[in-house]
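Novice: this one's structure only:
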């Protein structure tokens, strides 16, 4: 019999980086809840965005089966990671065990969470403000990362979330910073996408900024750029973005 401890690898920086990429780079995932009647697990596909600390955020209708499960029991599981060519089990994925937290419209976080979600999923604006729809943060309690065959890890919230004293102030200025970059520095945004994120085609815009980096969207495509170090002060955002653009331009020769 194989010892489970031999199957689960020690969590290292490579595993943490992969887990963060999967969480930040997923537009949708599989959400599993426990149904109120009978307690059976119920899984469904849901669109996913991230809050400023990388916590997954979902938008769901009160009329759906999974929302009744969320409201009955906040313990949920979220599977992220898209299969590619060949064996789907050979591709990385992460399962998050979470506590669901509803973000009421009166909550001061609602406007910010809504803005982030709609920039990643613009078509959601058609129904996001319907009375039966609500945002939920899925606060990670633990995670299981499978990086492919023989690459299994157990992770804790501190392995995957963004912890920075700058997060609160960045969330306050994020909307204006995103608008400024997309409207006034579209050339820099294109360079971020093409040179740093390796996206050779598409019209890209910044959709979210946090202390660890920023995300870019082009239609249904999503890309992520990580800063070299997590920002400890929001005043470092502008010079960091400028330095990234300068470095990318210089790399072109």
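Specialist: Yes, it's here. Note that the structure is a prediction, hence the values are computed from the model and not measured.
Novice: Would you map the strands across the stretch 51-200 of the chain?
Specialist: Taking DSSP state E, counting those that start in this stretch as the test, the strands found in the stretch 51-200 of the chain are 56-61, 75-80, 93-103, 133-146, 152-155.
Novice: Redo the ones you listed as a markdown table? Include mean pLDDT and mean neighbour count.
Specialist: C-beta: built from backbone N, CA, C; applies to glycine. Compiled in a markdown table, the strands of the stretch 51-200 of the chain are given as follows (pLDDT from 0 to 100; neighbours: other C-beta atoms under 10 Å):
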| stretch | mean pLDDT | mean neighbour count |
| --- | --- | --- |
| strand 56-61 | 98 | 21 |
| strand 75-80 | 97 | 20 |
| strand 93-103 | 97 | 19 |
| strand 133-146 | 97 | 20 |
| strand 152-155 | 96 | 17 |
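Novice: possible to save these as JSON lines with distance to residue 27?
Specialist: Listed next are the strands of the stretch 51-200 of the chain as JSON lines, based on distance: least, C-beta to C-beta, whole Å:
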{"stretch": "strand 56-61", "distance to residue 27": "11"}
{"stretch": "strand 75-80", "distance to residue 27": "10"}
{"stretch": "strand 93-103", "distance to residue 27": "14"}
{"stretch": "strand 133-146", "distance to residue 27": "15"}
{"stretch": "strand 152-155", "distance to residue 27": "21"}
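Novice: Go through the ones you listed and name the closest to residue 222.
Specialist: strand 75-80 (12.0 Å; C-beta to C-beta).
Novice: Any chance you could list what contacts that closest one?
Specialist: Here strand 75-80 makes contact (C-beta atoms under 8 Å, 6 or more residues apart in numbering) with 22-23, 26, 29-34, 48, 56, 69-70, 93-100, 138.
Novice: tell me the angle of that strand relative to strand 56-61?
Specialist: Put simply, strand 75-80 runs at 110 degrees to strand 56-61, going by axes from the mean of the first three to the mean of the last three C-alpha atoms, to 10 degrees.
Novice: any idea how far strand 75-80 is from the chain center?
Specialist: Strand 75-80 sits 13 Å away from the centroid of its parent chain (C-alpha atoms, centre = their mean, to the nearest Å).
Novice: Neighbouring strands - and their directions - for that strand?
Specialist: Here strand 75-80 has these sheet partners by DSSP bridges: strand 28-34 (antiparallel), strand 93-103 (antiparallel).
Novice: Would you map the helices across the chain?
Specialist: In the chain, the segments counted as helices under DSSP state H are 4-7, 13-24, 65-72, 110-120, 157-160, 167-184, 186-191, 237-251.
Novice: Next one: the nearest residue to residue 79 once chain neighbours are set aside from residue 40, what distance?
Specialist: Leaving aside its sequence neighbours, residue 79 sits nearest to residue 30 (C-beta to C-beta, 6 or more residues apart in numbering; 4.2 Å). Residue 30 sits 16 Å away from residue 40, going by C-beta to C-beta, to the nearest Å.
Novice: now the strands paired with strand 75-80 in a markdown table, with distance to residue 82?
Specialist: Listed next are these as a markdown table, based on distance: least, C-beta to C-beta, whole Å:
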| stretch | distance to residue 82 |
| --- | --- |
| strand 28-34 | 9 |
| strand 93-103 | 8 |
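Novice: circling back to that earlier point, give me the more crowded residue out of residue 30 and residue 40.
Specialist: Legend: neighbour count by other C-beta atoms under 10 Å for residue 30 and residue 40, higher for residue 30 (16 against 9).
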